[in-house]
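# how would this look folded up:
(2 chains)
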Amino acid sequence: GENVEQHPSTLSVQEGDSAVIKCTYSDSASNYFPWYKQELGKGPQLIIDIRSNVGEKKDQRIAVTLNKTAKHFSLHITETQPEDSAVYFCAALAGTSYGKLTFGQGTILTVHP
Amino acid sequence: GAVVSQHPSWVICKSGTSVKIECRSLDFQATTMFWYRQFPKQSLMLMATSNEGSKATYEQGVEKDKFLINHASLTLSTLTVTSAHPEDSSFYICSASLRGLGEQFFGPGTRLTVL
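This next block holds a predicted model:
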């Protein structure tokens, strides 16, 4: 089955700096890669996603890049703000998984004012 | 974006009782719903996959007789924790998915505390 590794587990940045979180996946059949933001006591919120036919996708301060050859994808947050502080999860969906996502371990992002 | 609700948002119950959690997709029809469990500072652990009108598929190690899942319509799935014990205390989260698109939209979660 699919295995997703996420790094780093914690990330601390100053407001205005950029933050990068990286994930690797094992199943070359995976074709959908979402990123979720989870605030304390709440459910995960989809913030951006990318499909395997695209190398990069951007939405305002958030971007995701995908390298299918190396089987890794990354989340980039620019001009970070304190409200970006949360736990971020990457995930991968394999075409044979009946819609089941495999999640990374999560990254605790702290943005200091 | 798609909205998923859960009810209740939190519940406290005595050991031995059963608790039902509802998951609703408010503005779309979800062919598949997923139930997750999350412990503090950990990732989401998939418990089961629920398709409308059919039996749920449970992940290895999840007791299907303890965690009863019903997906009666395209907008509602329920999780019943039967004979709850303190070790069942956790954060339970559902998600809903549109057929073939991959995206899962999560509910706000339900905090279960079993005394």
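
# is stretch A:48-65 positioned near chain B?
Yes - Stretch A:48-65 is in contact with chain B by Cβ under 8 Å from any Cβ of the partner chain, via A:D49, A:R51. For every residue, glycine as well, the C-beta is placed using N, CA and C.

# give the buried residues for that stretch.
Neighbour-count burial for stretch A:48-65, counted by 16 or more other Cβ atoms under 10 Å in any protein chain shown, picks out A:I48, A:D49, A:I50, A:S52, A:I62, A:A63, A:V64, A:T65.

# now these in CSV, with pLDDT?
Formatted as CSV, the buried residues of stretch A:48-65 follow (pLDDT from 0 to 100):
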residue, pLDDT
A:I48, 96
A:D49, 94
A:I50, 94
A:S52, 85
A:I62, 98
A:A63, 98
A:V64, 98
A:T65, 97
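
# closest to A:I77 out of the residues you listed?
In terms of Cβ to Cβ, no member of the buried residues of stretch A:48-65 lies closer to A:I77 than A:I62, at 5.7 Å.

# so what's that closest one up against?
Taking Cβ atoms under 8 Å, 6 or more residues apart in numbering or on different chains, we find A:I62 in contact with A:W35, A:I47, A:I48, A:L75, A:H76, A:I77, A:T78.

# again, only this time at 10 Å
Counting by Cβ atoms under 10 Å, 6 or more residues apart in numbering or on different chains, A:I62 touches A:A19, A:W35, A:K37, A:I47, A:I48, A:L75, A:H76, A:I77, A:T78, A:D84.

# what about the residues you listed, which are in strands?
Counting by DSSP state E, the contacts of A:I62 place A:A19, A:W35, A:K37, A:I47, A:I48, A:L75, A:H76, A:I77 in strands.

# what subset of the residues you listed is buried?
The neighbour-count test (16+ other Cβ under 10 Å) marks A:A19, A:W35, A:K37, A:I47, A:I48, A:L75, A:H76, A:I77 as buried among the ones in strands among the contacts of A:I62.

# surely B:W35 is in contact with B:S90?
No - using Cβ atoms under 10 Å, B:W35 is not in contact with B:S90; the gap is 11.4 Å.

# what do those two both touch?
What both B:W35 and B:S90 touch, as defined by Cβ under 10 Å, 6+ apart, is the set B:M45.

# so which of those two has more stuff around it?
The neighbour count for B:W35 versus B:S90, taken as other Cβ atoms under 10 Å in any protein chain shown, is higher for B:W35 (26 against 20).

# the more buried one and A:K22, how far apart?
From B:W35 over to A:K22 the distance is 29 Å, taken as Cβ to Cβ, to the nearest Å.

# repeat for B:S54
38 Å.

# so which of those two has more stuff around it?
Neighbour totals were compared for B:S54 and A:K22, and A:K22 leads with 17 against 8 (other Cβ under 10 Å).

# the more buried one falls within a strand, correct?
Yes - A:K22 forms part of a strand when assessed by DSSP: H, G, I helix; E, B strand; the rest coil.

# go ahead and confirm B:S97 touches B:H71.
No - with contact defined as Cβ under 10 Å, B:S97 does not reach B:H71; the gap is 11.9 Å.

# which bits of chain B sit near chain A?
B:1-2, B:4, B:6, B:9-10, B:31-32, B:34, B:36, B:38, B:41-46, B:49, B:51, B:57, B:59, B:91, B:93-95, B:97-111 (Cβ under 10 Å from any Cβ of the partner chain).
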